[in-house]
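Asks: A structural model of the following input is requested.
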Amino acid sequence: MIKKLTGQSFLLPLSFFFIFSVSELIKKGDECYLERENQNKAKEAKRYYEEAIRLDSNNYEGYWRLAKVIYFLVDGLPKKERIKLLKEGIEIARKAVKLQPNRAEGHFWLASLLGVYVKEKGIKSFSFIEEIKKEFNLALKYDSTIEDGGAYTALGRLYYQLPSFAGGSLKKSLEYLLRAKRISPNNPYTKLYLADTYLSLKRKEEAKRELEELIKMEEEKRWLPEIKKLKEIAKKKIKEIK
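Replies: Numbers count the residues shown, from 1 in each chain. Now for the predicted structure:
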């Protein structure tokens with residue numbers, strides 16, 4: 001379970017960062033992000049990226065990575081803190097997009113953070129749906145393989161979750177998720193979301209196959225801690241299939 005983020009719960013003294021160049025700060029942030037199953041490591045990664053963009057306010061690599069770690073850190077926060085951090089992340093991602101509009105990462109994390117924001121705020125924020133679609137499609141335009149086909153996965157999930165009056169479509173959901181699977185057969189999110197879409201289409205055997213494959217997946221370090229959580233969800237879902 002992700003621990004509560006308190007803002008002051010894990011701070012490194014600023015003097016600690018002075019020994020690193022911007023590229024070294026980003027590298028250290030990446031190393032900490034890989035250890036994000038430890039919440040303090042995720043917060044440490046955030047601090048490294050923040051210091052990198054403080055030293056170089058036009059550093060695209062620092063901005064999109066900071067947006068990514070914020071996306072991870074919002075999970076499990078109380079609603080008020082969650083929304084505050086989401087707004088911060090959205091602005092960071094917008095800055096990345098402005099700096100490098102022809103790169104995929106900024107578009108991807110802007111769309112991802114906006115998606116969480118819409119989920120949090122509900123129908124009041126539905127005006128962002130078209131922007132989310134646009135940003136994911138721009139990410140695909142510049143790199144269709146980003147985050148292991150993650151932009152296709154996210155669009156597939158979006159079309160699954162949207163009500164029909166807002167453009168939801170199981171047919172489109174399946175189309176995008178299958179594209180994602182062709183790019184990265186072992187993306188655990190793609191497997192879980194494909195299972196949900198198959199279930200809604202009454203294709204139970206295919207849904208079970210995806211869930212079983214997810215449960216048996218090797219727990220690669222780059223997918224921790226997400227894969228552990230997704231496996232538990234898959235185990236519950238497969239028991240409910242009759």
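
Asks: Three-state assignment for residue 37, please.
Replies: Following DSSP: H, G, I helix; E, B strand; the rest coil, the label given to residue 37 is coil.

Asks: Likewise for residue 58?
Replies: coil.

Asks: and the spatially closest residue to it that is not a sequence neighbour, what does it touch?
Replies: Leaving aside its sequence neighbours, residue 58 sits nearest to residue 99 (C-beta to C-beta, 6 or more residues apart in numbering; 6.0 Å). To be clear about C-beta, it is placed using only N, CA and C from the backbone, and glycine gets the same treatment. For residue 99, the contact set (C-beta atoms under 8 Å, 6 or more residues apart in numbering) comprises 58, 60, 63, 106.

Asks: any idea how far the last one is from residue 129?
Replies: Noted for residue 106: a distance of 19 Å to residue 129, by C-beta to C-beta, to the nearest Å.

Asks: Between those two, tell me which one has more neighbours.
Replies: residue 106 (27 against 16; other C-beta atoms under 10 Å).

Asks: Could you list the low-confidence segments of this structure?
Replies: Within the chain, the stretches with pLDDT under 70 are 1-19, 123-125.

Asks: which residue ranges form the strands in this protein?
Replies: Read by DSSP state E, the chain holds no strands at all.

Asks: neighbours of residue 138, just the number please.
Replies: Residue 138, neighbours per other C-beta under 10 Å, totals 20.

Asks: Test my guess that it contacts residue 107.
Replies: Yes - between residue 138 and residue 107 there is a contact under C-beta atoms under 8 Å: 4.2 Å.

Asks: and the residue lying closest to residue 235 once chain neighbours are set aside, what does it touch?
Replies: Leaving aside its chain neighbours, residue 235 sits nearest to residue 215 (6.1 Å; criterion: C-beta to C-beta, 6+ apart). Shown in contact with residue 215 (C-beta under 8 Å, 6+ apart): 231, 234, 235, 238.

Asks: Now neighbour count and distance to residue 31 too, for the residues you listed, in CSV please.
Replies: Shown next, in CSV, are the contacts of residue 215 (neighbours: other C-beta atoms under 10 Å; distance: C-beta to C-beta, whole Å):
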residue, neighbour count, distance to residue 31
231, 18, 25
234, 23, 29
235, 12, 31
238, 16, 35
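
Asks: can you put these in a markdown table and add distance to residue 194?
Replies: Below are the contacts of residue 215 laid out as a markdown table (distance: C-beta to C-beta, whole Å):
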| residue | distance to residue 194 |
| --- | --- |
| 231 | 15 |
| 234 | 11 |
| 235 | 16 |
| 238 | 13 |
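
Asks: Good, we can wrap up now.
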